[in-house]
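1. Just to be clear, the model below is a prediction. Sequence and coordinates:
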Amino acid sequence: MIAKESPLQGMNIGTITNVAIRELPGLHTIDLRVAPGTSSQTAVEQALGVHLPVKTGQVLMESISGASEVFILCLAPDWWLLVGFPEAEQILAPLRLKDDYHFSLVDVSGQRTTIELEGPNVRELLAHLWDQDLREKNFPIASVSQGLMAKSPVIVYYIAPFRYRIMVRSSFALHLWTALVDAAEELM
């Protein structure tokens, strides 16, 4: 068995009084694809005990099955990322065996690492590297978006006041980390 290694080795810099940047290595992430409005989606939701967010760009934040933080990111009308919910695969396994339900469930935990940004200066930091408008009216808490940050493909989601998470492909993680730290230097 190949051991997973964190691309940033759990790096952590700064404080939440200004801005803290830290890697959250090993967050379990599952890619879920299911046609919206179908009996398959209904079965998946019933099995998981949640309603999948229906609008692209929405994030559902839940405590499920005793997990501390579970995030369900709606990336497209038929595409969700389940973050922090490793039990989902086991829960949905019986449905996969039935011909009545059609959906795709893939563990993509090894593809990306997560960098969390927290502190009152975090929006200013992100404004240096992210072209999208992060003002509250355009990107409220429980929002997610995809794009490029420092030429790295990322998924950014806003989970609490002054707290964002950036999912980045492992191969771009060090590059993005360096860009974030450079941009944050004047804010720390």
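-> It's in. Numbers count the residues shown, from 1 in each chain.

2. per-domain residue ranges of the protein.
-> Annotated domains of the chain cover 12-26+111-187, 29-107 [automatic domain parsing].

3. Report the helix or strand with the lowest average pLDDT across the chain.
-> helix 87-96 (a mean of 87; mean pLDDT, DSSP states H and E).

4. quick one: Leu134 and Ala127, what's the gap?
-> Taking C-beta to C-beta, to the nearest Å as the measure, Leu134 falls 7 Å from Ala127. Every residue, glycine included, has its C-beta placed from N, CA and C.

5. next helix or strand past the strand ranked longest in the chain?
-> Determined from DSSP state E, the single longest strand within the chain is strand 152-160. Downstream of strand 152-160, the next assigned helix or strand under DSSP states H and E is strand 163-169.

6. all strands for the chain, in order.
-> Using DSSP E, the strands of the chain run over 12-15, 19-24, 29-34, 59-62, 70-76, 79-83, 103-107, 112-118, 143-149, 152-160, 163-169.

7. Can you add distance to Leu48, mean neighbour count and mean pLDDT and give the ones you listed back as JSON lines?
-> Formatted as JSON lines, the strands of the chain follow (distance: least, C-beta to C-beta, whole Å; neighbours: other C-beta atoms under 10 Å; pLDDT from 0 to 100):
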{"stretch": "strand 12-15", "distance to Leu48": "32", "mean neighbour count": "15", "mean pLDDT": "90"}
{"stretch": "strand 19-24", "distance to Leu48": "22", "mean neighbour count": "20", "mean pLDDT": "95"}
{"stretch": "strand 29-34", "distance to Leu48": "9", "mean neighbour count": "20", "mean pLDDT": "96"}
{"stretch": "strand 59-62", "distance to Leu48": "9", "mean neighbour count": "17", "mean pLDDT": "92"}
{"stretch": "strand 70-76", "distance to Leu48": "9", "mean neighbour count": "20", "mean pLDDT": "96"}
{"stretch": "strand 79-83", "distance to Leu48": "8", "mean neighbour count": "22", "mean pLDDT": "96"}
{"stretch": "strand 103-107", "distance to Leu48": "11", "mean neighbour count": "14", "mean pLDDT": "92"}
{"stretch": "strand 112-118", "distance to Leu48": "21", "mean neighbour count": "22", "mean pLDDT": "96"}
{"stretch": "strand 143-149", "distance to Leu48": "18", "mean neighbour count": "18", "mean pLDDT": "97"}
{"stretch": "strand 152-160", "distance to Leu48": "19", "mean neighbour count": "19", "mean pLDDT": "97"}
{"stretch": "strand 163-169", "distance to Leu48": "20", "mean neighbour count": "22", "mean pLDDT": "97"}
